[in-house]
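1. Fold the following, please.
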Amino acid sequence: MAVLFTDGGLTEAVSRRPDARLYRVEPDGRGGAEERAVACRPLRAVP
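-> Predicted structure coming up:
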């Protein structure tokens, strides 16, 4: 899995595994955390 950040923001996530999952974890403003799934683009095999 690879994650690309541009100017401090998440731009893209890619993975060689089609079932890979990435989760972004951020403060929820109440002292806890919130997890959000981020879509991952599958990488193509190069012939």
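
2. Now do the strands in the protein.
-> Under the criterion DSSP state E, the chain contains strands at 2-6, 9-15, 22-27, 33-38, 41-42.

3. The longest one pairs with which strands?
-> Each strand that pairs with strand 9-15, with its direction, by DSSP bridges: strand 2-6 (antiparallel), strand 41-42 (parallel).

4. Adding distance to P18 and mean neighbour count, write these out as TSV.
-> (C-beta placed from N, C-alpha, C; glycine too.) Output for those, formatted as TSV (distance: least, CB to CB, whole Å; neighbours: other CB atoms under 10 Å):
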stretch	distance to P18	mean neighbour count
strand 2-6	15	10
strand 41-42	5	11
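
5. Quick one, which of those gets closest to A33.
-> Of all the strands paired with strand 9-15, strand 2-6 sits nearest to A33, with 18.3 Å by CB to CB.

6. Now do the closest one against strand 33-38, angle only.
-> Going by axes from the mean of the first three to the mean of the last three CA atoms, to 10 degrees, strand 2-6 is angled at 100 degrees with respect to strand 33-38.

7. so what's the residue lying closest to T11 once chain neighbours are set aside up against?
-> Spatially, and ignoring its direct neighbours in sequence, T11 is nearest to L4 (4.5 Å; CB to CB, 6 or more residues apart in numbering). L4 is in contact with L10, T11, E12, A13, V14, counting by CB atoms under 8 Å, 6 or more residues apart in numbering.

8. do the same with A37
-> With CB under 8 Å, 6+ apart, A37 has these contacts: R21, L22, Y23, R24.
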